[in-house]
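Undergrad: The following comprises the amino acid sequence and a computationally predicted model.
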Amino acid sequence: MSEAAATPAAGRRRFIAPARADVDPMRFAHPVFAAFGAFDDVMVSADWPGVAALDQRLGVPGKRLVEQDEVLLADGLHYERRIAAGCIATRAQNWHDLFNALVWARYPAIKRALNARQCRDLDGEGSGGRTRAQAALTQFDETGVVVRVRDAAMLQAWNGHDWSALFLRWREDWSSGTIAVAAVFGHALMEQALLPSRLLVGKCLVVQGDDDAQAVEQVARAIVRGDVLNDPLELRPLPLMGIPGWHSDQDEAFYRNAEYFRPVREGRVYPGPHGASR
């Protein structure tokens, strides 16, 4: 995320992450962090890893984690252009940037695709300012989730925000993998997940298929081609704590919380899934 994008929108309260010492190491057993088990030591250790040590530990091919300080920012480069040149600006002792680094290590193809698209849009940016595509790319970078479905018909409930069908009637389909979270990609989601009380909403791209890794690859290719993330409205909101097993109190009253499980807006239309064979 760029330095400019780090500034909260007007009227929104900036999320304050808990201190490292206040995070229960067991928190990282939550499904949000399931794909990052290889980096448990980075998340649960009592002390923050230095940026240089983190760079060596993660070893992102072709990229270096570089501490973001006044000296680094003096080069005047846009955050995304600096990444394209090989350096990922990373704030020390910062959960948001730590999770960003972990996502670079775990899902480098999507990260590279997003960076390439951001730079492409910057090259074509006119006087109109931030484009719809740049907003979509940033939203997915911060809060993105890749969801895989075997049967596209399941999306009908999601299209209409029929959360009872999606999470309760089809509870076993989540367990069997008929529908599944292939990747939690957004590093802001991971940061917010540090608070057990946080009700997370992912912004999703959906792939039809049977294999999580292939779904992730499909998304990366689609981003590069420009098939997706040209407008924020392409992204499907998903109340992640509604997924069976993702929250401790999933009784009927929980699913009646309309502030979290929101009805669909009139006229809202979502795109279909991306076929795994494309």
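TA: Received the coordinates, thanks. Please read these numbers as outputs of a predicted model, since none were measured by experiment. Residues are numbered from 1 along each chain as shown.

Undergrad: only C-alpha atoms for contact and neighbour calcs from this point on.
TA: Noted.

Undergrad: how about low-confidence regions in the stretch 1-150 of the chain?
TA: Within the stretch 1-150 of the chain, the stretches with pLDDT under 70 are 1-12, 125-128.

Undergrad: W95: neighbouring residues, count only.
TA: 23 (other C-alpha atoms under 10 Å).

Undergrad: before we move on, which element is R14 in?
TA: Here R14 sits in a region with no helix or strand, counting by DSSP states H and E.

Undergrad: Also R221?
TA: Assigned by DSSP H and E, R221 falls in helix 212-225.

Undergrad: Toward the C-terminus from that helix, list the very next helix or strand.
TA: strand 236-239.

Undergrad: Does anything pack onto that following strand? Which helices or strands?
TA: For strand 236-239, the elements it packs on are strand 201-208, judged by 3 or more C-alpha pairs under 8 Å, 6 or more residues apart in numbering; DSSP states H and E.

Undergrad: what's the distance between the strand it packs on and the middle of its chain?
TA: Offset of strand 201-208 from its chain centre (C-alpha atoms, centre = their mean, to the nearest Å): 10 Å.

Undergrad: Run through the strands of the chain in chain order.
TA: All strands of the chain, identified by DSSP state E, fall at 64-67, 87-90, 144-149, 179-184, 201-208, 236-239, 274-275.

Undergrad: Against V146, how distant is the residue nearest the centre of the chain?
TA: Per C-alpha atoms, centre = their mean, the C-alpha nearest to the average position across the chain is that of G186, at 1.6 Å. G186 sits 10 Å away from V146, going by C-alpha to C-alpha, to the nearest Å.

Undergrad: if we can go back for a sec, closest one to A21 among the strands of the chain?
TA: A21 sits nearest to strand 87-90 of all the strands of the chain, at 20.4 Å, using C-alpha to C-alpha.
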